[in-house]
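> take this sequence and fold it.
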Amino acid sequence: MNSLRNKLLAWLLGAVALVGTAGAWVSYRNALTEANAFFDDHLRQTALLLRDQAYGFSPTPGLAQEIPDYDFVVQVWTLDGVRVYLSRPHTMLPGLTKLGLSTVTTPTGRWRVFGVEARGRVIQVAQPMNIREQRAAHLALRTIAPFAFLLPALALLVVWIVGRAMQPVRRFAAVLRSRKRGALDPLDGGGLPDEIRPVATALNDLLARLKEAIERERSFIADAAHELRTPLTALDLQVQSLRAEAAGGVYDDAVQRLEAGVARAARLVEQLLALAREERDSSRVHEPVALAELAREVIEEMLPLADKRGIDLGMERADAVRVSGDREALRVLIRNLLDNAIRYSPARGQVDVSVERRDGAPPQAVLVVADGGHGIPLPERERVFDRFHRVPGTATPGSGIGLALVRSIAAHHHAHVRLGEGPDGRGLRVNVEFSAPEPS
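Presented below is the predicted three-dimensional model:
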């Protein structure tokens with residue numbers, strides 16, 4: 001019942017049912033009042049007619065018992081309470097009552113009685129009250145019978161009206177659901193009801209502030225990374241010169257550590273620039289890219305790093321499949337995955353790359369990078385995609401940017417990145433799943 005539409009329908013249909021019930025009760029009471037007035041008048045007219053005619057009443061019943069539709073009973077009493085005439089036998093009749101209208105209760109039910117005096121006699125005309133109630137219920141039922149058809153029609157009309165009234169809300173929700181990832185453009189509030197327009201206005205304000213904050217962040221990262229490239233390049237040249245002069249000396253180890261630190265800083269700057277470029281320019285034109293061919297090219301680029309650590313880097317499977325995407329961005333994605341796999345694999349380990357075509361609905365092209373390292377614990381597999389987050393206890397140097405960049409590139413290509421266990425339950429297996437690959 002958190003649905004506004006369901007709440008409106010429940011209240012409105014409940015109100016319709018309540019009003020219908022109240023209307024039926026009022027109709028019954030009105031019909032009963034009118035029936036009482038009519039039958040009371042009928043009793044009076046019958047009694048007065050008998051008085052005026054001054055019949056010589058016989059003690060024998062004047063009407064046969066088998067005439068059930070005649071619901072009046074006429075009795076004639078002497079003034080001292082002796083009944084001298086009965087028009088119709090009955091199991092239990094009211095006794096002598098006061099003159100005029102009165103209601104008498106008997107063991108078989110209540111009676112309405114009218115008495116009038118004539119020639120030393122009391123003429124009583126009586127009628128059972130249940131007869132009146134049955135007639136009133138029948139009359140009320142005939143009165144409200146059309147509502148038995150009108151109320152369901154009214155309920156359907158209420159459902160239709162509420163549905164029509166809620167359509168702008170549903171369209172607004174559909175617009176929000178259909179917005180692309182990263183879309184921060186203002187929402188169109190035209191055509192929205194007055195109750196929903198403030199929500200759209202507040203969302204637009206929030207989107208504007210969010211867009212401004214993201215732009216500031218991207219600009220800061222891009223500017224900082226760009227400004228750091230030049231001094232890091234100069235520092236790298238100086239380290240190389242220092243290494244040539246200190247080769248084989250006592251400072252050789254320190255120079256190596258300095259060189260590694262500069263390389264890590266340069267790598268971090270390149271990743272930050274790639275991340276800022278990817279998040280800022282996500283609308284680049286896509287083209288068919290042979291995924292296996294691109295993976296081979298990146299493997300060749302990464303072979304020197306793999307050989308340096310004694311890693312067996314190779315292509316395990318290469319299905320001929322194409323995906324629609326930005327070739328350079330996909331190159332960065334594969335390079336980051338291979339760089340992580342090589343760095344976190346033990347010396348003389350193995351890194352396998354596969355490109356698979358999986359038939360299904362829809363078909364998929366899957367890039368798989370598997371290593372035999374320590375892997376990532378299950379609770380950390382979602383957090384490693386956050387910027388600068390590293391698994392606690394990791395000794396291998398790194399920046400925590402690589403997987404964040406991989407997910408950003410994959411999202412812009414409508415792909416999903418899934419982390420699992422490597423071969424034989426060891427290491428890490430990264431699947432990048434592209435939907436609806438291009439015909440090869």
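
> C-alpha from now on. contacts and neighbour counts both.
OK.

> now do the same contact list for the closest residue to Q364 other than its chain neighbours.
Nearest residue to Q364, sequence neighbours excluded (CA to CA, 6 or more residues apart in numbering): S435, at 4.7 Å. Neighbour list for S435: 362-365, 414-415 [criterion: CA atoms under 8 Å, 6 or more residues apart in numbering].

> how about S435, phi and psi?
Note on S435: backbone dihedrals following degrees, to the nearest 10 are phi -90, psi 150.

> with A126 instead?
Torsion angles, degrees, to the nearest 10, at A126: phi -120, psi 150.

> beta-bridge partners for it, please?
According to DSSP bridges, the residues that bridge with A126 are V73, V113.

> so what's the residue count around it?
26 (other CA atoms under 10 Å).

> and if you look at P304?
Neighbour tally, P304, other CA under 10 Å: 12.

> name the SS class of it, please.
helix (DSSP: H, G, I helix; E, B strand; the rest coil).

> before we move on, what about L294?
Under three-state DSSP, the three-state class of L294 is helix.

> now A370
What three-state DSSP gives for A370 is strand.

> quick one: residues contacting it.
Per CA under 8 Å, 6+ apart, neighbours of A370: 341, 351-353, 422-423, 427-430.

> so which of the contacts of S435 comes closest to A295?
Nearest to A295 out of the contacts of S435 is A365 (CA to CA; 12.9 Å).

> angles on the backbone of the closest one, please.
Main-chain torsions, A365, degrees, to the nearest 10: phi -110, psi 130.

> how near is it to V323?
As judged by CA to CA, to the nearest Å, A365 and V323 stand 7 Å apart.

> between those two, what contacts are shared?
Residues touching both A365 and V323 (CA under 8 Å, 6+ apart) are 434, 436-437.

> most neighbours, which of those residues?
Busiest of those [other CA under 10 Å] is F434, holding 24 neighbours.

> wait, is that one part of a strand?
Yes - counting by three-state DSSP, F434 falls inside a strand.

> list the contacts for it?
F434 sits next to 323, 364-366, 413-416 when contact means CA under 8 Å, 6+ apart.

> try it again with 6 Å
Taking CA atoms under 6 Å, 6 or more residues apart in numbering, we find F434 in contact with 364-365, 415.

> kindly report the same for G349.
By CA under 6 Å, 6+ apart, the contact list for G349 reads I311.

> save the shared contacts of A365 and V323 as JSON lines, and put in pLDDT too.
Formatted as JSON lines, the shared contacts of A365 and V323 follow (pLDDT from 0 to 100):
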{"residue": "F434", "pLDDT": "92"}
{"residue": "A436", "pLDDT": "70"}
{"residue": "P437", "pLDDT": "71"}
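
> what about A24, neighbour count?
A24 has 19 neighbouring residues, counting by other CA under 10 Å.
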